[in-house]
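Chemist: Below is the structure, and that's it, no one-letter string:
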């Protein structure tokens, strides 16, 4: 058995546990902290921490220190990695169980386009990039907006990295999140741990998700450009999965730089 197939078999064992299955279900919808997972599962902190540690060993879950409270961490489910391992496990059993990615269904003709709002603190980098990447990847099938709790000027490296991906955001303007409180959204996604803590309620109570992402503009001077590249790469991965949830096909045109 190949190492990849063994890893796939191990994943089947791991997620066969009810607590781990429920943890992955919760983390598949949003990045969360241990205390939030304890509350949602109705379990103890020690047990949740143990299962998270096991899932981290397998690479199914990763963690990142919260920028809002450095004493806490956010956990994320690596959905793509899980898919790869499940595909390997199926293929190892028999070719008949080989998993092939199913293309997302296009939105039905005449159906209202989903609207997604991305939020971060300054609306100068992460949320602007996410807005542009989502509209580009969906070829207009999804409407995206972005805003911040403390807007500041658009970061030049955000403009540069998007331009390298064939997307021009140079004319974009930053906006305060209060501007959209009365707007109806299908999904509100916070990209910054700090803005998640102050995120207001929006009209009609849209589904909310949190993607805990480092602020690339906070990287040391010599690491700024690579930090923006990593941010764009992570956003592309997450947006590809988001489009699958929204039932909108992803357009892929450009290789990563």
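Modeler: Yep, it's here. Only a predicted model underlies this, so the values are computations on that prediction, with no experimental measurement involved.
Chemist: Number of residues surrounding residue 224?
Modeler: For residue 224, the count of nearby residues is 16 (other Cβ atoms under 10 Å). (Glycine included, C-beta is placed from N, CA and C.)
Chemist: Now for the closest residue to it other than its chain neighbours, how many residues are close by?
Modeler: Residue nearest to residue 224 in three dimensions, not counting chain neighbours: residue 157, with 5.9 Å by Cβ to Cβ, 6 or more residues apart in numbering. If you count neighbours by other Cβ under 10 Å, residue 157 ends up with 20.
Chemist: begin at 822 from here
Modeler: New numbering, starting at 822: the last item is residue 978.
Chemist: which residues in the protein form strands?
Modeler: 882-886, 894-898, 936-941, 964-969, 1008-1011, 1028-1031 (DSSP state E).
Chemist: what's the last one packed up against?
Modeler: If contacts are counted by 3 or more Cβ pairs under 8 Å, 6 or more residues apart in numbering; DSSP states H and E, strand 1028-1031 sits against strand 1008-1011.
Chemist: thinking again about what came up before, nearest to residue 917, out of the strands of the chain?
Modeler: Closest of these to residue 917 is strand 894-898, at 27.6 Å (criterion: Cβ to Cβ).
Chemist: mind checking how far that closest one is from the chain centre?
Modeler: Here the centre of strand 894-898 is set off from its chain's centre by 11 Å, with Cα atoms, centre = their mean, to the nearest Å.
Chemist: Need the contact partners of that strand.
Modeler: With contact meaning Cβ atoms under 8 Å, 6 or more residues apart in numbering, strand 894-898 is reached by 845, 848-849, 852-855, 858, 873, 881-887, 1014, 1031-1033.
Chemist: ditto for stretch 967-976
Modeler: 938-946, 948-949, 951-952, 990-991, 993-998, 1000-1001, 1015-1016, 1019, 1037-1038, 1049.
Chemist: For that stretch, measure first residue to last.
Modeler: Using Cα to Cα, to the nearest Å, one end of stretch 967-976 lies 14 Å from the other.
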